[in-house]
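K.L.:
everything below, folded, please.
(one chain, ligands or ions: 1)
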Amino acid sequence: MHQNQLYERILGLSTPWFVSNVDLDESSGLVEVQVACDPSARLYCPQCGQLAPRYDKRRRQWRHLDTCQFQTKVVADVPRVCCPEHGCLTIQVSWAEGNSRYTALFEAFVIQWLKEASIQAVSRQLQLRWTAIDGIMKRAVKRGLAARTSPDVRFLSVDETAFRKGHDYVTVLSNHQGQVIIVEDGKSADSLSRCYLALTETQRTSIESVSMDMSRAYRKATFAHVEKAHRKIAFDHFHIAQTLSEALNATRKSELHSVDASLRRVAHQSRYAWLKRRDRLDERERATLSWLSSQFSNTTIACYLKEKARKIWKGNRVEVPGPLGKSGYG
Ligand SMILES: [Zn+2]
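P.N.:
Numbering: from 1, shown residues only. You can find the predicted model right below:
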């Protein structure tokens, strides 16, 4: 196969494009692939797709994947057409996107590397400036968004994420399939409001639930933008469990001061046992908590409520104890 044809195959060229020449500059370690456009080919306006007369041409070049150890660039005189409606425009080439200075295959290669390594490492290894990598990433995001079908927004989840060592926050709105719908700067009510406002009216009315931490700001934004928010907000499991554990611990500490001094040491030693799930206590811990329960009645109740909350979460039926129900607790 002739080297021109070889490069036509590698670049995926088809009419009116063809490789006119390939130059190897060994001293600078560079392969230059010259691509030309058939002068008799009919050209079309890139805006409206109408047949348009050829106007002039612009020399452009793109970095392509290396040929063995040689950096490879594609050079072409790209025709401009003169559309009666849209004026003079450069036609779109098939191997690169918009005004990018990199071929589509090279951009795909950079994106693959960015999944494996830091921007700094990719920049160093591929000899690319940060601004070039930024442009490649932005185009990839744009392509991804354009290819995305309308996401399911019935069951949403909102979370704050820190970056730059916790100095900056973003609010991330995603759906139950783990698809990120919108990301906005900050973690305020305004941040989440902007996320909701980026959805269409139809999407907002289709929301059935929003899972979140117990942030006041997120609740405020949800009440402002989601109809019947009081029936749709679901606090996520982790934050509820954390709040209940904190309440239990605070109750235990407050009771510690009122118990007999002789019990304090063993009560202090049992501090982790109170926070454990009941079915994960060993025999010794179970006996200790049972022994302490008369002195730590409020902590015992708090412990019971935490355990019941876990069962509610699991979807189990909860029997109300004491005067309101039949069963006792324990
Ligand atoms: Zn046009």
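
K.L.:
tell me the secondary structure at the residue in the stretch 101-250 of the chain that the ion sits nearest to.
P.N.:
The stretch 101-250 of the chain approaches the ion most closely through residue 146 (21.0 Å), counting by CB to the ion. Any C-beta I mention is one placed from the backbone N, CA and C, and that applies to glycine too. Assigned with DSSP: H, G, I helix; E, B strand; the rest coil, residue 146 falls in the helix class.

K.L.:
can you get me a residue count around it?
P.N.:
Neighbour count for residue 146, taken as other CB atoms under 10 Å: 7.

K.L.:
do residue 250 as well
P.N.:
For residue 250, the neighbour count with other CB under 10 Å is 12.

K.L.:
which SS class is residue 82?
P.N.:
Assignment for residue 82 (three-state DSSP): strand.

K.L.:
mind listing the strands for this structure?
P.N.:
Using DSSP state E, the strands of the chain run over residues 17-25, 30-37, 54-67, 70-83, 87-90, 155-163, 168-175, 180-185, 209-212, 233-235.

K.L.:
so how far is residue 103 from residue 126?
P.N.:
For residue 126, the distance to residue 103 equals 13 Å [CB to CB, to the nearest Å].

K.L.:
got the CA coordinates for stretch 141-155 in PDB?
P.N.:
What follows is stretch 141-155, C-alpha atoms only, in PDB (Å, rounded to 0.1, in the frame of the first residue of the first chain):
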ATOM      1  CA  VAL A 141     -18.100  17.200  27.700                       C
ATOM      2  CA  LYS A 142     -20.100  19.100  25.000                       C
ATOM      3  CA  ARG A 143     -20.100  15.900  22.800                       C
ATOM      4  CA  GLY A 144     -21.200  13.800  25.800                       C
ATOM      5  CA  LEU A 145     -24.000  16.200  26.600                       C
ATOM      6  CA  ALA A 146     -25.200  16.400  23.000                       C
ATOM      7  CA  ALA A 147     -25.300  12.600  22.800                       C
ATOM      8  CA  ARG A 148     -27.200  12.200  26.100                       C
ATOM      9  CA  THR A 149     -30.900  11.400  25.900                       C
ATOM     10  CA  SER A 150     -33.200  13.300  28.300                       C
ATOM     11  CA  PRO A 151     -32.200  11.900  31.700                       C
ATOM     12  CA  ASP A 152     -34.700  10.400  34.100                       C
ATOM     13  CA  VAL A 153     -35.200  13.000  36.900                       C
ATOM     14  CA  ARG A 154     -38.000  11.400  38.900                       C
ATOM     15  CA  PHE A 155     -35.700  10.300  41.700                       C
END
